[in-house]
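S.K.: the sequence and its predicted three-dimensional model are supplied below.
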Amino acid sequence: MNKSFHETSIIDPSARIGNDVVVGSYSIVEADTEIGDGCRIDSHAIIASGARLGRNCKVFNGAVVGTVPQDLKFRDEKSEILIGDETVIREYCTLNRGTTDGGLVTRIGSGCLLMAYTHVAHDCSIGDRVILANGVNMAGHVTIEDHVGMSALVLIHQFVRIGQHAYIGGGSRVSQDVPPYVLVNGEPVRYFGPNLVGLKRHGFKGEQISAIKRAYQLIYRSGLNLTQAVDAIRSELDLTNEIINILGFMEKSQRGIAGR
């Protein structure tokens, strides 16, 4: 079993805690929580009711995981925050659980890194291998797909979607959807091209990157409206997985496309 709980920690007897878990000084683990094998909870952290942590997660000093939403419509309904395996939650992050309007669940994937002072609001859904730098703050119902990166102090409006492998530069205020594979930055947000560093790092080949670049030339640089650009992509480019992802994202966007 090899559990190690500091004598000053407060752990509800009903909490479901796996093997090889460490809980540091003055931390609190409330009832109706789950902590997977190999997790480490540093000092002065709170794992609140409804929190479910996967295996080998690391929660640093002062982080607060699973507290009630900052939503006036919330009526203390039973809800959860689900966190995947091997996710790192750095100092003073605040992660809220879900509400009825969002299916009662906030989700954070596996292998994520949430740096200090990140705020994940109610009903957000974050994919796998996402990196959020210091002070990223998001409102409720934000969706972030896999392999997204953000620099420090990015602000994200409620209901915004961020597509896979996108990168958002520091200090940006994001009020519209950011499509997959792109690099955006600024206030207002501007399109700077494909996320070349991220795509190469994740093994994208030259022909894949060229197709992505051409698709976004049609969306951002051609002077076509979005419907016309989508039609041009369909007629000009092969429907590879990347192009299908781009087209699907455009068709589902509810808040408009950032940078257009």
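M.R.: Perfect, thanks for sending it.
S.K.: can you give me the strands for the stretch 151-260 of the chain?
M.R.: 155-156, 161-162, 167-168, 173-174, 182-185, 190-194 (DSSP state E, counting those that start in this stretch).
S.K.: where does Leu95 fall, phi/psi-wise?
M.R.: Main-chain torsions, Leu95, degrees, to the nearest 10: phi -120, psi 120.
S.K.: give me the residue at the spatial middle of the chain.
M.R.: Ile126 (3.1 Å; C-alpha atoms, centre = their mean).
S.K.: that one touches Asp146, doesn't it?
M.R.: No: using C-beta atoms under 8 Å, Ile126 makes no contact with Asp146, being 9.2 Å away. Where you see a C-beta, it was placed from the backbone N, CA and C, and this is true even at glycine.
S.K.: shared neighbours of these two, anything?
M.R.: Shared contacts of Ile126 and Asp146, defined by C-beta atoms under 8 Å, 6 or more residues apart in numbering, comprise Gly109.
S.K.: return the most buried member of the strands of the stretch 151-260 of the chain.
M.R.: strand 161-162 (a mean of 27; mean count of other C-beta atoms under 10 Å).
S.K.: how close does Ile156 sit to Gly170?
M.R.: Distance of Ile156 to Gly170, given as C-beta to C-beta, to the nearest Å: 13 Å.
S.K.: swap that for Leu95, sorry
M.R.: 21 Å.
S.K.: and these two? Which one has more around it.
M.R.: Leu95 (25 against 15; other C-beta atoms under 10 Å).
S.K.: name all residues that make contact with that one.
M.R.: Applying C-beta under 8 Å, 6+ apart, we find Leu95 in contact with 63-67, 81, 83, 89, 106, 108, 114, 119-120.
S.K.: one more pass at 10 Å, please.
M.R.: 48, 51, 59, 63-67, 81, 83, 89, 106, 108, 114, 118-122, 124, 126 (C-beta atoms under 10 Å, 6 or more residues apart in numbering).
S.K.: which ChimeraX command selects the buried ones in the residues you listed?
M.R.: A single ChimeraX command selects the buried members of these (16 or more other C-beta atoms under 10 Å):
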select :48,51,59,63,64,65,66,67,81,83,89,106,108,114,118,119,120,121,122,124,126
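S.K.: what about the contacts of Leu95, which are in helices?
M.R.: Secondary structure assignment by DSSP state H places none of those in helices.
S.K.: how many neighbours does the closest residue to Val105 other than its chain neighbours have?
M.R.: Spatial nearest neighbour of Val105, chain neighbours left out: Gly98 (4.4 Å); criterion: C-beta to C-beta, 6 or more residues apart in numbering. Gly98 has 28 neighbours, counted by other C-beta under 10 Å.
S.K.: now Gly98, what are its backbone angles?
M.R.: Main-chain torsions, Gly98, degrees, to the nearest 10: phi -80, psi 180.
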